[in-house]
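Enquirer: Sequence and predicted structure below; questions after.
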Amino acid sequence: MSDPNKHDASGDEPRVGMVYVPAGPFTMGDARYVRESPVRTIEVAGFWIDRFLVTNAEFKSFSDRTGFPVPAHWLEGNFPVSHDDHPAEVSWVMADAYAKSVGKRLPTEAEWEKAARGTDGREFPWGDHFDASMALTWETAAVTGAHSEPVTARPQGASPYGCEQMVGLCEEWIEDEYAGYPGSFHESAGYGVGMRVLRGGSWIFPQTHARCAYRCFEEPDLDTVGFGQLGGPGFRCAVSEVE
(Lines give C-alpha, C1' and ligand atoms only; values in the text may rest on other atoms or scores of the structure.)
Protein backbone atom coordinates (compact mmCIF):
# COMPACT_ATOMS: atom_id res chain seq x y z
CA MET A 1 0.00 0.00 0.00
CA SER A 2 1.35 3.43 -0.90
CA ASP A 3 2.09 5.88 1.87
CA PRO A 4 -0.28 8.81 1.14
CA ASN A 5 2.21 11.25 2.68
CA LYS A 6 5.19 10.04 0.65
CA HIS A 7 6.32 12.43 -2.07
CA ASP A 8 7.41 9.55 -4.34
CA ALA A 9 10.14 11.69 -5.95
CA SER A 10 7.56 13.18 -8.30
CA GLY A 11 9.12 16.64 -8.38
CA ASP A 12 5.89 18.22 -7.11
CA GLU A 13 5.53 19.69 -3.62
CA PRO A 14 3.16 18.05 -1.11
CA ARG A 15 -0.17 19.89 -0.98
CA VAL A 16 -1.88 20.70 2.31
CA GLY A 17 -5.04 18.67 2.87
CA MET A 18 -4.42 16.46 -0.15
CA VAL A 19 -3.00 12.97 -0.68
CA TYR A 20 -0.78 11.89 -3.54
CA VAL A 21 -1.80 9.06 -5.87
CA PRO A 22 1.21 7.88 -7.91
CA ALA A 23 1.14 7.21 -11.64
CA GLY A 24 0.44 3.68 -12.78
CA PRO A 25 -2.26 1.22 -13.77
CA PHE A 26 -5.29 0.05 -11.82
CA THR A 27 -8.40 -2.04 -12.48
CA MET A 28 -11.50 0.07 -13.25
CA GLY A 29 -15.09 -1.12 -13.32
CA ASP A 30 -17.18 -4.06 -12.12
CA ALA A 31 -18.31 -6.83 -14.48
CA ARG A 32 -21.48 -7.47 -12.44
CA TYR A 33 -23.05 -4.15 -13.46
CA VAL A 34 -23.60 -3.02 -17.06
CA ARG A 35 -22.97 0.66 -16.33
CA GLU A 36 -19.60 -0.29 -14.88
CA SER A 37 -18.55 -2.66 -17.67
CA PRO A 38 -16.36 -3.71 -19.29
CA VAL A 39 -13.68 -4.01 -16.64
CA ARG A 40 -10.35 -2.76 -17.94
CA THR A 41 -6.90 -1.70 -16.87
CA ILE A 42 -6.41 2.08 -16.88
CA GLU A 43 -3.10 3.93 -16.78
CA VAL A 44 -3.46 7.08 -14.68
CA ALA A 45 -0.91 9.88 -14.35
CA GLY A 46 0.10 10.93 -10.85
CA PHE A 47 -2.21 13.42 -9.15
CA TRP A 48 -3.24 14.95 -5.83
CA ILE A 49 -6.74 14.65 -4.40
CA ASP A 50 -8.40 16.11 -1.32
CA ARG A 51 -8.29 13.83 1.70
CA PHE A 52 -11.72 15.09 2.75
CA LEU A 53 -14.89 16.31 1.08
CA VAL A 54 -15.21 20.10 0.83
CA THR A 55 -17.13 21.33 3.88
CA ASN A 56 -19.96 23.82 4.35
CA ALA A 57 -17.56 26.23 6.06
CA GLU A 58 -15.15 26.07 3.14
CA PHE A 59 -17.90 26.67 0.59
CA LYS A 60 -19.26 29.57 2.67
CA SER A 61 -15.80 31.14 2.73
CA PHE A 62 -15.61 30.80 -1.05
CA SER A 63 -19.05 32.42 -1.42
CA ASP A 64 -18.17 35.28 0.91
CA ARG A 65 -14.93 35.88 -0.98
CA THR A 66 -16.37 35.77 -4.50
CA GLY A 67 -20.07 36.55 -4.18
CA PHE A 68 -20.94 33.15 -5.67
CA PRO A 69 -24.44 31.96 -4.61
CA VAL A 70 -24.78 29.46 -1.77
CA PRO A 71 -27.01 26.36 -2.04
CA ALA A 72 -30.72 27.17 -2.04
CA HIS A 73 -31.43 24.92 0.93
CA TRP A 74 -29.25 27.05 3.22
CA LEU A 75 -31.64 29.17 5.30
CA GLU A 76 -30.97 32.90 4.99
CA GLY A 77 -27.70 32.13 3.24
CA ASN A 78 -26.24 30.04 6.06
CA PHE A 79 -25.61 26.34 6.38
CA PRO A 80 -27.37 24.39 9.17
CA VAL A 81 -26.22 25.08 12.72
CA SER A 82 -23.26 22.94 13.81
CA HIS A 83 -22.79 21.63 10.26
CA ASP A 84 -19.70 23.67 9.46
CA ASP A 85 -17.59 20.50 9.08
CA HIS A 86 -20.24 18.54 7.17
CA PRO A 87 -19.96 18.16 3.37
CA ALA A 88 -21.22 21.02 1.21
CA GLU A 89 -24.15 19.70 -0.85
CA VAL A 90 -24.05 21.59 -4.14
CA SER A 91 -24.63 21.33 -7.89
CA TRP A 92 -21.84 20.37 -10.30
CA VAL A 93 -21.69 23.99 -11.50
CA MET A 94 -21.09 25.14 -7.91
CA ALA A 95 -18.49 22.45 -7.27
CA ASP A 96 -16.63 23.30 -10.48
CA ALA A 97 -16.61 27.01 -9.62
CA TYR A 98 -15.24 26.33 -6.14
CA ALA A 99 -12.50 24.04 -7.43
CA LYS A 100 -11.33 26.59 -9.99
CA SER A 101 -11.36 29.38 -7.39
CA VAL A 102 -8.79 27.52 -5.29
CA GLY A 103 -6.59 26.52 -8.23
CA LYS A 104 -7.85 22.96 -8.44
CA ARG A 105 -10.39 20.97 -10.46
CA LEU A 106 -12.83 18.11 -10.00
CA PRO A 107 -11.28 14.62 -10.33
CA THR A 108 -11.83 12.48 -13.40
CA GLU A 109 -13.70 9.19 -13.03
CA ALA A 110 -10.50 7.19 -13.35
CA GLU A 111 -8.69 9.35 -10.79
CA TRP A 112 -11.54 9.12 -8.30
CA GLU A 113 -11.86 5.34 -8.62
CA LYS A 114 -8.12 4.76 -8.29
CA ALA A 115 -8.00 7.01 -5.22
CA ALA A 116 -10.88 5.01 -3.74
CA ARG A 117 -9.78 1.43 -4.45
CA GLY A 118 -6.04 1.47 -5.05
CA THR A 119 -4.51 -1.14 -7.33
CA ASP A 120 -5.86 -4.39 -5.89
CA GLY A 121 -9.41 -4.11 -7.30
CA ARG A 122 -11.10 -4.00 -3.90
CA GLU A 123 -14.85 -3.46 -3.72
CA PHE A 124 -14.88 -0.89 -0.92
CA PRO A 125 -12.19 1.64 0.02
CA TRP A 126 -11.29 -0.42 3.11
CA GLY A 127 -11.43 -3.89 1.53
CA ASP A 128 -13.75 -6.47 -0.02
CA HIS A 129 -16.33 -6.87 2.74
CA PHE A 130 -18.96 -4.32 3.71
CA ASP A 131 -18.75 -2.91 7.23
CA ALA A 132 -21.49 -0.51 8.31
CA SER A 133 -19.09 1.29 10.66
CA MET A 134 -16.90 2.38 7.75
CA ALA A 135 -19.45 4.53 5.88
CA LEU A 136 -22.77 6.27 6.46
CA THR A 137 -25.22 4.32 4.30
CA TRP A 138 -28.90 3.39 4.56
CA GLU A 139 -28.02 0.45 6.80
CA THR A 140 -27.18 2.99 9.52
CA ALA A 141 -29.27 6.00 8.47
CA ALA A 142 -32.53 4.01 8.54
CA VAL A 143 -31.87 3.16 12.19
CA THR A 144 -30.35 6.36 13.55
CA GLY A 145 -31.92 8.96 11.24
CA ALA A 146 -28.48 10.42 10.46
CA HIS A 147 -28.50 12.32 7.16
CA SER A 148 -25.07 13.91 7.46
CA GLU A 149 -21.96 13.94 9.62
CA PRO A 150 -18.51 15.56 9.76
CA VAL A 151 -16.22 14.71 6.86
CA THR A 152 -13.66 13.45 9.39
CA ALA A 153 -16.10 11.12 11.19
CA ARG A 154 -14.89 7.78 9.78
CA PRO A 155 -11.11 7.61 9.43
CA GLN A 156 -11.34 3.84 9.75
CA GLY A 157 -12.97 3.71 6.31
CA ALA A 158 -10.12 5.49 4.49
CA SER A 159 -8.94 4.34 1.08
CA PRO A 160 -5.47 2.86 0.40
CA TYR A 161 -4.13 6.37 -0.27
CA GLY A 162 -5.79 7.94 2.77
CA CYS A 163 -8.91 9.54 1.27
CA GLU A 164 -11.81 9.52 3.74
CA GLN A 165 -15.59 9.20 3.28
CA MET A 166 -15.29 8.22 -0.40
CA VAL A 167 -18.42 6.06 -0.19
CA GLY A 168 -21.62 6.70 1.71
CA LEU A 169 -22.53 10.06 3.30
CA CYS A 170 -23.03 11.85 -0.04
CA GLU A 171 -22.41 11.18 -3.71
CA GLU A 172 -19.46 13.03 -5.24
CA TRP A 173 -19.34 15.10 -8.41
CA ILE A 174 -16.81 14.11 -11.06
CA GLU A 175 -15.37 16.22 -13.87
CA ASP A 176 -16.44 13.82 -16.65
CA GLU A 177 -19.66 13.84 -18.61
CA TYR A 178 -21.61 10.61 -18.15
CA ALA A 179 -20.97 8.14 -20.98
CA GLY A 180 -20.52 4.43 -21.57
CA TYR A 181 -17.13 2.89 -20.96
CA PRO A 182 -15.06 2.05 -24.07
CA GLY A 183 -16.34 -1.22 -25.50
CA SER A 184 -19.68 -1.04 -23.71
CA PHE A 185 -22.89 -1.88 -25.59
CA HIS A 186 -25.14 -0.75 -22.74
CA GLU A 187 -27.65 1.99 -23.50
CA SER A 188 -28.49 4.66 -20.94
CA ALA A 189 -30.77 7.69 -21.04
CA GLY A 190 -27.99 9.68 -19.40
CA TYR A 191 -25.41 9.12 -22.13
CA GLY A 192 -24.56 11.97 -24.47
CA VAL A 193 -26.85 14.63 -22.99
CA GLY A 194 -24.44 16.58 -20.82
CA MET A 195 -25.04 14.77 -17.53
CA ARG A 196 -22.16 14.68 -15.06
CA VAL A 197 -20.95 11.62 -13.21
CA LEU A 198 -21.65 10.97 -9.53
CA ARG A 199 -19.61 8.50 -7.48
CA GLY A 200 -19.67 6.84 -4.07
CA GLY A 201 -23.34 6.52 -3.15
CA SER A 202 -24.82 8.36 -0.14
CA TRP A 203 -26.62 7.86 3.16
CA ILE A 204 -29.90 7.37 1.32
CA PHE A 205 -28.57 4.30 -0.56
CA PRO A 206 -27.63 0.83 0.73
CA GLN A 207 -24.22 -0.81 0.56
CA THR A 208 -24.72 -1.81 -3.09
CA HIS A 209 -24.08 1.85 -3.97
CA ALA A 210 -21.19 2.35 -1.54
CA ARG A 211 -18.72 0.65 -3.85
CA CYS A 212 -15.56 1.99 -5.47
CA ALA A 213 -16.86 1.16 -8.97
CA TYR A 214 -20.44 2.43 -8.54
CA ARG A 215 -21.42 5.28 -10.86
CA CYS A 216 -24.52 7.37 -11.41
CA PHE A 217 -25.33 10.72 -13.06
CA GLU A 218 -27.23 13.97 -12.65
CA GLU A 219 -27.79 17.34 -14.30
CA PRO A 220 -24.83 19.70 -13.73
CA ASP A 221 -27.08 22.62 -12.75
CA LEU A 222 -29.20 20.51 -10.41
CA ASP A 223 -31.59 22.58 -8.27
CA THR A 224 -30.30 22.57 -4.67
CA VAL A 225 -33.63 23.47 -3.01
CA GLY A 226 -34.31 19.88 -1.93
CA PHE A 227 -30.84 19.23 -0.54
CA GLY A 228 -30.30 18.84 3.18
CA GLN A 229 -33.16 16.62 4.31
CA LEU A 230 -33.09 14.50 1.13
CA GLY A 231 -29.36 14.74 0.62
CA GLY A 232 -27.41 16.23 -2.25
CA PRO A 233 -24.05 15.55 -3.89
CA GLY A 234 -20.81 16.77 -2.39
CA PHE A 235 -17.33 16.94 -3.89
CA ARG A 236 -13.59 16.92 -3.39
CA CYS A 237 -10.94 18.52 -5.59
CA ALA A 238 -7.91 17.25 -7.49
CA VAL A 239 -4.70 18.65 -8.96
CA SER A 240 -2.57 17.11 -11.70
CA GLU A 241 0.97 16.23 -10.71
CA VAL A 242 2.33 18.60 -13.36
CA GLU A 243 0.44 21.89 -13.44
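Expert: Perfect, thanks for sending it. Numbers count the residues shown, from 1 in each chain.
Enquirer: Can you give me the end-to-end span of stretch 162-170?
Expert: 18 Å (C-alpha to C-alpha, to the nearest Å).
Enquirer: Cys216 against Glu171, yeah?
Expert: Yes - assessed by C-beta atoms under 8 Å, Cys216 is found in contact with Glu171 at 6.6 Å. Backbone N, C-alpha and C define where each C-beta goes, glycine included.
Enquirer: Could you name every residue contacting both of those two?
Expert: With contacts taken as C-beta atoms under 8 Å, 6 or more residues apart in numbering, Cys216 and Glu171 have 198-199 as neighbours in common.
Enquirer: Contacts only, for Gly234.
Expert: 53-54, 87-90, 169-173.
Enquirer: Excluding sequence neighbours, find me the nearest residue to it.
Expert: Pro87 (3.6 Å; C-beta to C-beta, 6 or more residues apart in numbering).
Enquirer: any idea how far the one you found is from Leu106?
Expert: 14 Å (C-beta to C-beta, to the nearest Å).
Enquirer: Over to Thr137?
Expert: 23 Å.
Enquirer: Retrieve the pLDDT associated with the residue of the chain positioned farthest from its centre.
Expert: In the chain, Glu76 marks the outermost C-alpha relative to the chain mean, sitting 27.2 Å out by C-alpha atoms, centre = their mean. pLDDT, the model's per-residue confidence, is 92 for Glu76.
Enquirer: looking at it, Trp138 is touching Trp203, isn't it?
Expert: Yes - counting by C-beta under 8 Å, Trp138 does reach Trp203; the two are 6.7 Å apart.
Enquirer: which phi and psi does Val44 have?
Expert: phi -120, psi 130 (degrees, to the nearest 10).
Enquirer: Which positions are bridged to it in the beta structure?
Expert: Gly24 (DSSP bridges).
Enquirer: Return the residues in contact with it.
Expert: Shown in contact with Val44 (C-beta under 8 Å, 6+ apart): 21, 23-26, 110-111, 114.
Enquirer: Against Val242, how distant is the spatially most central residue of the chain?
Expert: Closest residue to the average C-alpha location of the chain: Glu172 at 3.4 Å, with C-alpha atoms, centre = their mean. Separation of Glu172 from Val242 (C-beta to C-beta) stands at 24 Å.
Enquirer: quick one, helices of the chain?
Expert: Taking DSSP state H as the test, the helices found in the chain are 56-66, 92-101, 109-117, 138-144.
Enquirer: Can you give the distance from the third one to the centre of its chain?
Expert: Spelled out, it's helix 109-117. Between the centre of helix 109-117 and the centre of its chain there are 9 Å (C-alpha atoms, centre = their mean, to the nearest Å).
Enquirer: Give the burial count for His186, as a bare number.
Expert: Applying other C-beta atoms under 10 Å, we find 13 residues neighbouring His186.
Enquirer: try the one 5 residues further on
Expert: Neighbourhood size, Tyr191 [other C-beta under 10 Å]: 15.
Enquirer: Which residues lie in contact with it in this structure?
Expert: 178-180.
Enquirer: Was I right to think Arg105 contacts Trp173?
Expert: No - counting by C-beta under 8 Å, Trp173 is not a contact partner of Arg105; they are 11.1 Å apart.
Enquirer: Show me which of these two is the more surrounded one.
Expert: Trp173 (28 against 17).
Enquirer: List the contacts of that one.
Expert: Neighbours of Trp173 in contact, by C-beta under 8 Å, 6+ apart: 90, 92, 95-96, 106, 196-198, 233-235.
Enquirer: Equivalent analysis for Leu198, please.
Expert: If you count contacts by C-beta under 8 Å, 6+ apart, then Leu198 has 171-174, 215-218, 233 around it.
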